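# Sequence first, then the predicted structure, then my questions.
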Amino acid sequence: MEGIEHRVVKVNGINMHLAEKGEGPVILLLHGFPELWYSWRHQILALSSMGYRAVAPDLRGFGDSDAPDSVASYTCFHIIGDLVELINVVAPDERKVFVVGHDWGAYMGWYLCMFRPDKVKAVVNLSVPFVRLSREMSPLDAWRAIYGNDHYVSRFQEVGEIEAEFAEIGAERVVKEFLTDFPVLLPKGKLFKRSSNEPITLPRWLSEEEANYYVTKFQNRGFTAPINYYRNLYRNWQLLAPWVGCEVKTPAKFIVGDKDLAYNMPGMKDYIHKGGFEEDVPCLQEVVVMEGAGHFINMEKPDEITDHIHHFFRHF
């Protein structure tokens, strides 16, 4: 795509694929599920034209990056370890970068700021706010209590089970269903609202060619490694016990669509807008709620998201 360069670097013992373009301060772009570096294609081109070096990796387990076999190789510490080494590789002189994250990328972006604030100048996270750490109940148990056992996070826990169901449907159908209408519930026997023979109309922001890029990568690599991120939620909760009560003190901006499933979780709007979020992220400078936008906001509203990123980072 228009001069985007690709290379593989060694970080934390794995080969990580990068897409990058531009010269100047580094902006590290972190994707979510079921995504790839490709979700940032619009921002890479735009930000590189604004005087930044945009760097978008395939996170471990995704796309053309290595995918270790062990479920336990996908804890938050493994991912943050990858990112710290990646920053050392791509910004050896600056040693500090701008970070933009979406979905799992946002989740890890918050933790990168909390664990290694010396590595991040400022952060813009999309869709997933910082979630206050608690010892009272794990996030996995909380989601089960709210949504039951059909919640997609719960359905992802048993190794091999959801992969077998996805295999019956086919990677193309699974990827397009998630990108078109990210499901909160995945009931056994009828994972998606549409029947398997009902055609999917892709959203206006995703062409057939673009969707097929994702499909090809997930057909080649499968879903197990990306789903292993979810399988470490309980392990992460245990590992993060020493950080309960810690704040994220990096300058931050948060953007979410008003149709996003994360924004509409019970209690989330109150946390974001009534002081809890700002208490946990005291350098939070702005919260933007974009009307009519869903979960994949960086692809749905690419120009607006790029402008928000640029306007925020130019002050640092």
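Yep, that arrived. Numbers count the residues shown, from 1 in each chain.

# What distance do you get for Q43 to V281?
Between Q43 and V281 the distance, using Cβ to Cβ, to the nearest Å, works out to 22 Å. Heads up, the C-betas are built off the backbone N, CA and C, glycines and all.

# Next: W243.
Remark: distance between W243 and V281 (Cβ to Cβ) = 14 Å.

# who has more neighbours, these two?
Each of W243 and V281 had its neighbours counted (other Cβ atoms under 10 Å), and the higher figure belongs to V281 (25 against 12).

# what sits against that one?
With Cβ atoms under 8 Å, 6 or more residues apart in numbering as the criterion, the residues that contact V281 are 110, 130, 247-249, 252.

# what does I227 give?
Listed by Cβ under 8 Å, 6+ apart, the contact set of I227 reads 33, 156, 162-163.

# Report the buried members of these.
If you count burial by 16 or more other Cβ atoms under 10 Å, the buried members of the contacts of I227 come out as 33, 156, 162.

# Distance to H315 added to the contacts of I227, as TSV?
Rendered in TSV, the data for those read as follows (distance: Cβ to Cβ, whole Å):
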residue	distance to H315
F33	31
F156	39
I162	43
E163	45
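
# Closest one of those residues to T180?
The shortest approach to T180 among the contacts of I227 belongs to F33, at 14.6 Å (Cβ to Cβ).

# now the closest one: how far from P302?
19 Å.

# With F218 instead?
Look at F218 and P302: by Cβ to Cβ, they are 22 Å apart.

# what do you get for M268?
Taking Cβ to Cβ as the criterion, M268 is separated from P302 by 24 Å.

# Next up, the contacts around S39.
Applying Cβ under 8 Å, 6+ apart, we find S39 in contact with 31-32, 102, 296, 298-299.

# Which ones among the residues you listed lie within helices?
The subset of the contacts of S39 located in helices under the criterion DSSP state H comprises 298-299.

# ranking the contacts of V281 by neighbours, who comes first?
Most neighbours among the contacts of V281, by other Cβ under 10 Å: A252, with 27 neighbours.

# List the contacts of it.
113, 122-125, 281, 283-285.

# Among those residues, find me the one that's closest to S73.
Relative to S73, the closest of the contacts of A252 is C113; by Cβ to Cβ it sits at 22.7 Å.

# Check which helices and strands whatever helix or strand that closest one lives in is in contact with.
Secondary structure assignment for C113, by DSSP states H and E: helix 104-115. Where contact means 3 or more Cβ pairs under 8 Å, 6 or more residues apart in numbering; DSSP states H and E, helix 104-115 is packed against strand 26-30, helix 76-90, strand 97-102, strand 120-126.

# Export these to JSON lines and append columns for mean neighbour count and mean pLDDT.
Rendered in JSON lines, the data for the helices and strands packed on helix 104-115 read as follows (neighbours: other Cβ atoms under 10 Å; pLDDT from 0 to 100):
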{"stretch": "strand 26-30", "mean neighbour count": "27", "mean pLDDT": "98"}
{"stretch": "helix 76-90", "mean neighbour count": "20", "mean pLDDT": "97"}
{"stretch": "strand 97-102", "mean neighbour count": "27", "mean pLDDT": "98"}
{"stretch": "strand 120-126", "mean neighbour count": "26", "mean pLDDT": "98"}
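
# Make a markdown table out of those and add distance to Y52.
Rendered in a markdown table, the data for the helices and strands packed on helix 104-115 read as follows (distance: least, Cβ to Cβ, whole Å):
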| stretch | distance to Y52 |
| --- | --- |
| strand 26-30 | 5 |
| helix 76-90 | 12 |
| strand 97-102 | 8 |
| strand 120-126 | 12 |
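
# So which bits of stretch 41-50 are buried?
Residues of stretch 41-50 classed as buried under the neighbour-count rule (16+ other Cβ under 10 Å) are 41-48, 50.

# Please narrow those residues to those residing in helices.
Per DSSP H, the subset of the buried residues of stretch 41-50 in helices is 41-48.

# Out of the residues you listed, which is nearest to S195?
Closest approach to S195 among those (Cβ to Cβ): R41, at 31.4 Å.

# Which ones among the contacts of I227 lie within helices?
Restricting these to those inside helices, with DSSP H as the criterion, leaves 162-163.

# Spit out the contact partners of D118.
Taking Cβ under 8 Å, 6+ apart as the contact definition, D118 lies against 95-96.

# change it to 7 Å
Residues in contact with D118 (Cβ atoms under 7 Å, 6 or more residues apart in numbering) are K96.
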